[in-house]
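[1] here's my sequence, what's the structure:
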Amino acid sequence: MSQVASQGVAVGAASRPYPGEALNGDAWQIDWHGERCRITVIDGLGHGPDAALAATLARDALMRAPELPPLDVLKVCHRALAGTRGASISVACIDLAAVQLTYAGVGNVMGHLWQGGRREQLVGYPGIVGAVLPTLRSFSMPLQSQWLIAMHTDGISARFRFEALEEKYSLDPHRLAEHILTGWGRSNDDATVVVARGS
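    Residues are numbered from 1 along each chain as shown. I've put the predicted structure just below:
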């Protein structure tokens, strides 16, 4: 469980391994480069040591290339995960100078953006980073004031609806991430949620 606040972005995360496992097959990473904050959520396929290895290798690749945009860093992770069981990975890059979000994802890590009173789902594409990489596409959109982004692995129940937490929006990102993990974390998988908001 952790929180990072810097340069106008506050990020909080909550994560836990599959119940009974010592190693977490999920991971998350925050990288800053100039006025860009890159948030990545990783779900190593399955759970246990092999999933944790894939997640760790992806994080290592991310840390070595903090300057890369989402599409390029997904390709770097794909090469780094060759020979592993692979992972689902989604990447959100917040450009404070351009006031813009760029997003790309492969697999079933979900992303959501709330701003201006409405929610937009951030779209990823089917595939496995490290094994089967689809034709990659990213998309960008302007950020309004008081935006909020949530990204989570499929260890968070599909029944989770962020709209049900509208009264919790005022919580800091760390507490909000913990609330989501506690309320909707599935008992049969690793689970991770990352929440970011303009500060």
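[2] ranges for the strands of the protein?
    Applying DSSP state E to the chain gives strands spanning 2-6, 9-16, 26-33, 36-44, 87-95, 100-106, 110-115, 118-122, 139-142, 148-152, 191-198.
[3] can you pull up the most central residue in the chain?
    residue 41 (2.9 Å; C-alpha atoms, centre = their mean).
[4] wait, that one touches residue 154, no?
    No. Using C-beta atoms under 8 Å, residue 41 is not in contact with residue 154, being 10.8 Å away. Bear in mind the C-beta positions are built from the backbone N, C-alpha and C, glycine included.
[5] what bridges to the residue nearest to the centre of the chain?
    residue 28, residue 90 (DSSP bridges).
[6] okay, buried residues for stretch 20-29 please.
    By neighbour count with 16 or more other C-beta atoms under 10 Å, stretch 20-29 contains the buried residues 23-29.
[7] count of neighbours near residue 116?
    Residues lying near residue 116 (other C-beta atoms under 10 Å) number 11.
[8] residue contacts, it?
    Contacts for residue 116 (C-beta atoms under 8 Å, 6 or more residues apart in numbering) come out as residue 144.
[9] and it, how far from residue 99?
    13 Å (C-beta to C-beta, to the nearest Å).
[10] so what's residue 23 up against?
    17, 48-49, 51-52.
[11] now do residue 103
    So residue 103 contacts 70, 90-93, 111, 122-123, 138-140 (C-beta under 8 Å, 6+ apart).
[12] one more: residue 196?
    9-12, 37, 39, 92, 94, 148-150, 173.
[13] mind running it again at 10 Å?
    With contacts defined as C-beta atoms under 10 Å, 6 or more residues apart in numbering, residue 196 is in contact with 4, 9-13, 30, 37, 39, 92, 94, 101, 113, 147-151, 173, 177.
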